[in-house]
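Q: I'll drop the sequence and a predicted model, then ask my questions.
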Amino acid sequence: MDSFKSRLEYYMQKGGFNPTSLSKKASLNVTAVRDILKHEGTPNPRIDTFFKLCRALSVNPYNLFPAFRELFSHRLRRLLDKAEKLDERDQQLLEEKSQKDYKQVK
């Protein structure tokens, strides 16, 4: 993931959101997320909109905008990296278990 829009789309998909449902959950205008995604180039949402999206998606600001990591100390960034790897591994294990359970049901 290399852009704000691609990160937003990724976390929307992961959370099962479409633009309208995310806008509503974030208490934004129903077209807010759609407008961000259709914006030519890099969108520049207001900071309050950005944080509402983070809360609605249950992600940290650095997940949507990696430059936020630079605000943290080197030690905290290392801890965040470790936590992210654990989250990815946890997600892999859940997917593997889901596939195993699905095969057992068949």
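A: Happy to help now that I have it.

Q: going by C-alpha atoms from here, please, whenever you check contacts or count neighbours.
A: Will do.

Q: residue ranges of each domain in the protein, please.
A: Following automatic domain parsing, the chain resolves into domains at 1-71, 73-106.

Q: mean pLDDT added to those domains, as JSON lines?
A: As requested, those are arranged in JSON lines below (pLDDT from 0 to 100):
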{"stretch": "domain 1-71", "mean pLDDT": "88"}
{"stretch": "domain 73-106", "mean pLDDT": "77"}
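
Q: most packed of the ones you listed?
A: With neighbours taken as mean count of other Cα atoms under 10 Å, those reach their highest mean count in domain 1-71, at a mean of 15.

Q: just how off-centre is that domain within its chain?
A: Offset of domain 1-71 from its chain centre (Cα atoms, centre = their mean, to the nearest Å): 7 Å.

Q: same question for stretch 61-79.
A: Mean-position distance between stretch 61-79 and its chain equals 15 Å (Cα atoms, centre = their mean).

Q: and the end-to-end length of it?
A: Across stretch 61-79, the terminal residues are separated by 16 Å (Cα to Cα, to the nearest Å).

Q: what does that stretch contact?
A: Counting by Cα atoms under 8 Å, 6 or more residues apart in numbering, stretch 61-79 makes contact with Phe4, Arg7, Leu8, Phe50, Phe51, Cys54, all of which sit outside it.

Q: if I pick the fifth one, what's in contact with it?
A: Listed by Cα under 8 Å, 6+ apart, the contact partners of Phe51 are Pro61.

Q: quick one: secondary structure of it?
A: Using DSSP: H, G, I helix; E, B strand; the rest coil, the secondary structure recorded for Phe51 is helix.

Q: would you quantify the distance from it to Tyr62?
A: 11 Å.

Q: also the third one?
A: Here Leu8 is placed at a distance of 12 Å from Tyr62 (Cα to Cα).

Q: could you pull out the helices for this structure?
A: 4-15, 19-25, 32-38, 47-57, 61-64, 74-105 (DSSP state H).

Q: dump the second one to CSV, restricted to CA.
A: The C-alpha coordinates for helix 19-25 follow below in CSV (Å, rounded to 0.1, in the frame of the first residue of the first chain):
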residue,chain,number,x,y,z
PRO,A,19,-18.1,4.6,1.2
THR,A,20,-21.6,5.4,2.5
SER,A,21,-21.4,3.0,5.5
LEU,A,22,-18.0,4.4,6.5
SER,A,23,-19.2,8.0,6.1
LYS,A,24,-22.1,7.2,8.4
LYS,A,25,-20.1,5.4,11.0
